[in-house]
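> Output the structure for:
(one chain, ligands or ions: 1)
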Amino acid sequence: MAKKKPLAIVVHGGADPDSDHIHSNKKAYEAGIRQAVDEGCMVLEKGGSAVDAVEAAVVSLENNPLLNAGRGSALNANGEVEMDAAIMRGNDQASGAVTLVRNIRNPISLAKAVMMNTKYRFLGDMGALEYAKKIDIRLEPSSYFITEHQFDLFSKKREEEFTSSDHIGMDQLNARMHGTVGAVALDRDGNLAAATSTGGTENKKMGRIGDSCIIGAGCYAKNSTCAISGTGDGELLIKNITAYDISALMEYKGLSLQQACEAVVLDRTDPGEGDVGVIGVDLQGNIALVFNSERMHRGWKTSAKKQGVEIYPKKQN
Ligand code: ASP
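Residues are numbered from 1 along each chain as shown. Purely as a prediction, here's the structure:
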């Protein structure tokens, strides 16, 4: 009897410091992660592509107001939402990305449209909005994206800046606040895909772009190695070219997915430099979920009957 081809989906909801908000909403966070895994998995089980599966999972996370992407995005220093997203296909390494987008309900779907239907790989700001309008991507008023929780964080930060006696710089304040979403998948045809979407860091300077939409930093997929979605301090993931570095260690040094993720996130990153978290999958259906932060919301389901949702550190595979 022919062996069934492996399927796998992994999602994350950001690698951050722990908080009271996370503790008091733990069940709701877990339910949101589980739902995203199920939505991506449904696509894979029906024979859909890894690209469609990661899009479905990320749309579910973007629509979840608890997470920092789509609705619930972090506010920038002007109190506005500017979002970044990227998607990449492992078989031909096609990719699509958008940055600094406003009013787009699901930035990941716009990134996918850039990948599938344009000759470009990266659209930003007003040009991305113009393209979204042309292809009837769903738009929402600015108020849709701003949740009470994000507004409270924004107001608190503002207050800290005004009252801080030890002159904490904006960078230090920003370094503690993030929470992106992402997904990686392996489909029945043996193709990998990765997707990442974010509102970026809390109180970021207007126009700041993080790693999530940068291919190789917060998102990467190549069938011969792995699919990776990253989260954490964007400037650090950009510096380390985190997602590509994992793939390169597998390609050039023959490391396994787990070894490569641990090498990049745990061995090569000084924890004092900031938070980094990654999820990954390879063509055999092996998965990895590695982070150096206090927590990373994460969920996974594979045809090898591995399944789970976790927030805090624990050995899961
Ligand atoms: N990496 C994202 C950024 O810097 C934030 C996060 O992952 O929480 O924009």
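
> ranges for the helices of the protein?
20-24, 26-45, 50-62, 107-117, 125-134, 142-145, 148-163, 170-174, 234-240, 242-253, 257-262 (DSSP state H).

> Point out the most buried one among those.
The highest average neighbour count among the helices of the chain, using mean count of other CB atoms under 10 Å, belongs to helix 50-62 at a mean of 28. C-beta here means a position set from N, CA and C on the backbone, and glycine is covered the same way.

> any idea of the mean pLDDT in it?
Mean pLDDT, helix 50-62: 98.

> Show me how far that helix is from its chain's centre.
11 Å (CA atoms, centre = their mean, to the nearest Å).

> Which elements pack onto that helix?
With contacts taken as 3 or more CB pairs under 8 Å, 6 or more residues apart in numbering; DSSP states H and E, helix 50-62 sits against strand 8-16, helix 26-45, strand 83-89, helix 107-117, strand 181-186, strand 192-198.

> Alpha carbons only: can I get the shortest one in CSV?
As requested, C-alpha coordinates have been extracted for strand 181-186 and formatted as CSV (Å, rounded to 0.1, in the frame of the first residue of the first chain):
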residue,chain,number,x,y,z
VAL,A,181,1.2,36.0,13.7
GLY,A,182,2.4,33.4,11.2
ALA,A,183,1.9,30.0,9.8
VAL,A,184,3.9,27.4,7.9
ALA,A,185,2.6,24.3,6.1
LEU,A,186,3.4,21.2,4.1
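
> So which elements touch it?
Under the contact definition 3+ CB pairs under 8 Å, 6+ apart, strand 181-186 sits against strand 8-16, helix 26-45, helix 50-62, strand 192-198, strand 226-232, strand 276-281.

> Contact distance from the ligand - what residues of this structure qualify?
14, 178-180, 198, 200-201, 210-212, 218, 231-232, 234 (CB under 6 Å from any ligand atom).

> Now distance to Tyr120 too, for the helices and strands packed on strand 181-186, in a markdown table please.
Output for the helices and strands packed on strand 181-186, formatted as a markdown table (distance: least, CB to CB, whole Å):
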| stretch | distance to Tyr120 |
| --- | --- |
| strand 8-16 | 27 |
| helix 26-45 | 26 |
| helix 50-62 | 17 |
| strand 192-198 | 18 |
| strand 226-232 | 21 |
| strand 276-281 | 26 |
